[in-house]
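[1] Provided below for reference: sequence and predicted model.
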Amino acid sequence: MVLTDVSQLSSECQEWRQILRNYREEFHLCKKSLEEICRKSLTKDQLREVEHFDNQFHIQLINIHDIKQFIKAHDRKIEIESSSGETVSDETYTEHEELLDQFLSLENTFQELRIEFKNFTSATTC
């Protein structure tokens, strides 16, 4: 495994957490949009879609919270290991790669949800 600079690992963690904060804000705004949509007269299918999106936003907000906590703990671990004058352990590098995979997978899910919701809102505003 190629050894990465410790500051780069920490910087990546900060970047991931900022991206997750942005998604959290966006999903809160989407929930507010759902509330606005609910003020309209909706079909049964549209109401099912509203429920689906409300559930998805709730689940993804929980996922955001959870992975942010994992990333924060991982960043602390990097800081502790590097401050002791030793290099970061192979286990920590492996954990970093695993967190990156989880982050990218969640980000893909977020992107799909974003597109799906945009299509839904476009269809209901017509």
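    Now that the structure is in, tell me what you want to look at. The structure displayed is predicted, hence computed values, not measured ones. Numbers count the residues shown, from 1 in each chain.
[2] Any regions of this protein where pLDDT drops low?
    1-4, 86, 126 (pLDDT under 70).
[3] One more pass at 80, please.
    1-4, 84-87, 125-126 (pLDDT under 80).
[4] where exactly do the helices run in it?
    6-38, 44-83, 90-125 (DSSP state H).
[5] any idea how far the shortest one is from the chain center?
    Which is helix 6-38. On the basis of Cα atoms, centre = their mean, to the nearest Å, helix 6-38 sits 6 Å off its chain's mean C-alpha point.
[6] relative to helix 90-125, how tilted is that helix?
    Helix 6-38 and helix 90-125 are oriented at 20 degrees to each other (axes from the mean of the first three to the mean of the last three Cα atoms, to 10 degrees).
[7] With the longest one instead?
    With the same axes, to 10 degrees applied, the angle from helix 44-83 to helix 90-125 works out at 160 degrees.
[8] Buried ones in helix 44-83, by neighbour count?
    The neighbour-count check on helix 44-83 (16 or more other Cβ atoms under 10 Å) flags 46, 49-50, 53, 56-57, 60, 63-64, 67-68, 70-71, 74-75, 77-78, 81-82 as buried. For the C-beta atoms, the positions are set from N, CA and C on the backbone; glycine is no exception.
[9] Now do it: which elements does it pack against?
    Judged by 3 or more Cβ pairs under 8 Å, 6 or more residues apart in numbering; DSSP states H and E, the packing partners of helix 44-83 are helix 6-38, helix 90-125.
[10] helices and strands around the longest one, which ones?
    So that's helix 90-125. Helix 90-125 packs on helix 6-38, helix 44-83, going by 3+ Cβ pairs under 8 Å, 6+ apart.
[11] Repeat that for the first one.
    Applying 3+ Cβ pairs under 8 Å, 6+ apart, we find helix 6-38 packed against helix 44-83, helix 90-125.
[12] Now do the contacts for residue 77.
    Neighbour list for residue 77: 92, 95 [criterion: Cβ atoms under 8 Å, 6 or more residues apart in numbering].
[13] now it: how far from residue 91?
    9 Å (Cβ to Cβ, to the nearest Å).
[14] do residue 118 as well
    40 Å.
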